[in-house]
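Student: Need a 3D model of the following:
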Amino acid sequence: MPPRQYGTAAAALTAVQVNRCDALVLDVPIVASQKKTKPSAYGPVAGQILTHEQYGAVLQKGSKLKPSVDRAIRALTANGTIGKLQKKWFNLNFSKVPILK
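Tutor: Next up is the predicted model:
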């Protein structure tokens with residue numbers, strides 16, 4: 001069966017929930033958030049596709065705060081705080097989700 005496309009994440013998640021599809025490729029934070037909300041409605045998060053996306057903060061162009069914010073984000077990632085926050089708010093530390101190849 002060919003892959004299906006859904007117009008919204010909500011429609012795709014509903015398709016999984018009602019067994020119209022067996023698997024879903026979607027952003028890990030969205031999947032984790034939905035799974036935390038309805039843990040019995042979905043199976044396990046099997047893995048993630050490495051996209052090299054990065055998280056950050058929005059500042060005014062040319063802001064003198066940028067180097068400090070960049071350092072803080074790197075430090076929070078390195079010391080495990082970001083992972084702990086992901087676990088707390090999404091019930092999943094994204095760095096623990098296997099990378100699919």
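Student: shaky segments in this protein?
Tutor: Within the chain, the stretches with pLDDT under 70 are 55-56.
Student: Which parts of it are strands?
Tutor: Ranges of strands within the chain are 48-49, 99-100, based on DSSP state E.
Student: Check which helices and strands the first one is in contact with.
Tutor: Just to be clear, that refers to strand 48-49. Taking 3 or more C-beta pairs under 8 Å, 6 or more residues apart in numbering; DSSP states H and E as contact, the helices and strands that strand 48-49 lies on are strand 99-100. For the C-beta atoms, the positions are set from N, CA and C on the backbone; glycine is no exception.
Student: how far is the strand it packs on from where the chain is centred?
Tutor: Taking C-alpha atoms, centre = their mean, to the nearest Å, one finds the center of strand 99-100 at 13 Å from the center of the full chain.
Student: ok, and what's touching that strand?
Tutor: 46-50 (C-beta atoms under 8 Å, 6 or more residues apart in numbering).
Student: Extract the C-alpha trace of the helix ranked longest in the chain and format it as PDB.
Tutor: Secondary structure of the chain per DSSP state H: the longest helix is helix 66-78. Taking Å, rounded to 0.1, in the frame of the first residue of the first chain, the C-alpha atoms of helix 66-78 are listed here in PDB:
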ATOM      1  CA  LYS A  66      22.800  36.300  21.000                       C
ATOM      2  CA  PRO A  67      26.300  34.900  22.200                       C
ATOM      3  CA  SER A  68      25.000  34.600  25.800                       C
ATOM      4  CA  VAL A  69      21.800  32.900  24.700                       C
ATOM      5  CA  ASP A  70      23.700  30.500  22.400                       C
ATOM      6  CA  ARG A  71      26.100  29.600  25.300                       C
ATOM      7  CA  ALA A  72      23.200  29.000  27.600                       C
ATOM      8  CA  ILE A  73      21.400  26.700  25.200                       C
ATOM      9  CA  ARG A  74      24.600  24.700  24.500                       C
ATOM     10  CA  ALA A  75      25.200  24.400  28.300                       C
ATOM     11  CA  LEU A  76      21.600  23.300  29.000                       C
ATOM     12  CA  THR A  77      21.900  20.700  26.300                       C
ATOM     13  CA  ALA A  78      25.400  19.500  27.500                       C
END
